[in-house]
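1. Okay, sequence plus prediction incoming.
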Amino acid sequence: MNPGDFDQRIVIQNVSEAVDQFGQRIQTFSTLAAVWAKVEEKSGVEGEMSYQLIAERKVQFLIRFRSDINEKMRISYRSKIYEIESIISDDARKHTMKIHTKLSDNG
């Protein structure tokens with residue numbers, strides 16, 4: 001692990017549910033933490049689904065280990081929102097973790 005590789009700032013956002021003025025449940029997001037990360041583009045997939053062209057962009061974020069992150073959260077990076085798909089602790093000592101994401105349709 002080279003500390004110089006962690007050169008991109010990302011924001012990890014926590015989700016919570018609220019009820020709006022019409023009684024509808026809505027999701028709101030708040031900042032859990034802003035951390036330094038190594039960002040790697042993993043794949044880009046294009047295809048058709050129901051006669052619509054779709055594109056999927058996957059990005060892996062490598063950060064220092066944190067125990068308070070889960071798959072219900074999301075990451076904001078360069079004004080785009082990435083949904084967390086999986087989280088993998090990189091080593092037995094839990095120095096780092098890999099967060100596998102995909103670009104959100106809402107991003």
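-> Perfect, I can see it now. Residues are numbered from 1 along each chain as shown.

2. Please make it C-alpha for all contacts and neighbour counts, starting now.
-> Fine.

3. most centrally placed residue in this protein?
-> Against the mean C-alpha coordinate of the chain, by CA atoms, centre = their mean, the closest residue is residue 75 at 3.4 Å.

4. any idea how far residue 93 is from it?
-> Remark: distance between residue 75 and residue 93 (CA to CA, to the nearest Å) = 24 Å.

5. gap between the two ends of stretch 79-96?
-> Distance between the two ends of stretch 79-96: 24 Å, counting by CA to CA.

6. now swap in stretch 2-21 and tell me
-> 49 Å.

7. Can you point out the buried residues in that stretch?
-> Neighbour-count burial for stretch 2-21 flags 6, 10, 11, 12, 13, 14 (criterion: 16 or more other CA atoms under 10 Å).

8. Please tabulate the residues you listed in a markdown table, including the columns secondary structure and distance to residue 100.
-> Formatted as a markdown table, those follow (DSSP: H, G, I helix; E, B strand; the rest coil; distance: CA to CA, whole Å):
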| residue | secondary structure | distance to residue 100 |
| --- | --- | --- |
| 6 | coil | 16 |
| 10 | strand | 14 |
| 11 | strand | 15 |
| 12 | strand | 13 |
| 13 | strand | 15 |
| 14 | strand | 16 |
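
9. ok, those residues vs residue 105, which is closest?
-> Proximity of the buried residues of stretch 2-21 to residue 105 was ranked by CA to CA; the top entry is residue 13 with 16.3 Å.

10. tell me which residues form a beta bridge with that closest one?
-> Using DSSP bridges, the beta-bridge partners of residue 13 come out as residue 31, residue 74.
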